[in-house]
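A.B. asks: fold the following for me, if possible:
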Amino acid sequence: MLQIRDLHVYYGAIHALKGLNVDVDAGEIVSIIGSNGAGKSTMLRTLSGLLRPKKGSVLFEGSEIGGLPPHEVVGKGIVQSPEGRRIFTNMTVGENLKLGAFLRKDGDIGADIEHILNLFPRLRERFRQNAGTLSGGEQQMLAIGRALMARPRLLLLDEPSLGLAPNLVTEIFRIIRTINGEGVTVLLVEQNAHRALELANRAYVLETGEIVLTDSGKALLENPKVREAYLGA
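C.D. replies: Numbering: from 1, shown residues only. Next comes the predicted model:
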């Protein structure tokens, strides 16, 4: 579904991504783990069209998308739930969800909102509340729900567990698995390496802008280098 080849991205003079090669097959959950500053969010921002690559190729279902503007990337079926949630705090939960469908012209938006509210029952309870009044976990649910309203074929998740209590982390990862089971391919960037690798079919380890390891999630969980560097074991 997604092929990243020799991807180079800069912030000014800073070489943030140095020749990335990543593959995501349809139906997979692929996790990207790495320390702060490794380039994980930069990769997702590039895929979303927020950053332009200096060099390299990004193919989605065989078509080049590197450098396309964000709305065209969304139109092709790649949607990001960003780090820090980035919800519209002065708008209601319902209004945030409707904004997720801003490119759609079909008549199923109401049915999809109902599906999101079934997936996240807390959002149903708070449907008419301003999003800024939600807890951190509820805001994360809203950010994912808003992304799903665009009907992604590839969902990009950037640090969905960041700042959440352990019980909410468990809930978010359960929901990610459910979303994947409904046919959405997931590319997950996550600092909680243990959870990310448990969930993933395959995973990549990113260090200072370069991929240094790739394997199944299970194999990387058992890799001594990964355990020492990222799992505290």
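
A.B. asks: list the contacts of the closest residue in space to residue 38 that isn't next to it in sequence.
C.D. replies: Closest residue to residue 38 apart from its sequence neighbours, by Cβ to Cβ, 6 or more residues apart in numbering: residue 206 at 4.5 Å. C-beta coordinates here come from the backbone N, C-alpha and C atoms, glycine included. With contacts taken as Cβ atoms under 8 Å, 6 or more residues apart in numbering, residue 206 has the following neighbours: 20, 32-34, 38-40, 43, 212.

A.B. asks: mind checking which helix or strand residue 206 is in?
C.D. replies: Using DSSP states H and E, residue 206 maps to strand 202-207.

A.B. asks: tell me the pLDDT of the residue minimising distance to the centre of the chain.
C.D. replies: Residue closest to the average C-alpha location in the chain (Cα atoms, centre = their mean): residue 157, at 1.4 Å. According to the model's per-residue confidence, residue 157 sits at a pLDDT of 96.

A.B. asks: who is it paired with across the strands?
C.D. replies: Beta-bridge pairing for residue 157 (DSSP bridges): residue 81, residue 188.

A.B. asks: these two touch, right, it and residue 144?
C.D. replies: Yes - contact criterion Cβ atoms under 8 Å: residue 157 and residue 144 qualify, at 7.2 Å.

A.B. asks: what do the two both touch?
C.D. replies: By the contact definition Cβ under 8 Å, 6+ apart, residue 157 and residue 144 are jointly contacted by 81, 176.

A.B. asks: so how many other residues sit close to the nearest residue to residue 153 once chain neighbours are set aside?
C.D. replies: On the basis of Cβ to Cβ, 6+ apart, the spatially nearest residue to residue 153 that is not a chain neighbour turns out to be residue 77, at 3.7 Å. The burial metric for residue 77, expressed as a neighbour count using other Cβ atoms under 10 Å, is 17.

A.B. asks: what of residue 212?
C.D. replies: Other residues lying near residue 212 total 14 when counted by other Cβ under 10 Å.

A.B. asks: so which bits of the strand or helix carrying residue 214 are buried?
C.D. replies: Per DSSP H and E: residue 214 is located in strand 210-216. By 16 or more other Cβ atoms under 10 Å, the buried positions in strand 210-216 come out as 211, 213-215.

A.B. asks: for the residues you listed, give me CSV that also has pLDDT.
C.D. replies: What follows is the buried residues of strand 210-216, written out as CSV (pLDDT from 0 to 100):
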residue, pLDDT
211, 97
213, 96
214, 96
215, 97
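
A.B. asks: widest-spaced pair of those?
C.D. replies: For these, with distances taken as Cβ to Cβ, the pair at the greatest spread is 211 and 215 (11.3 Å).
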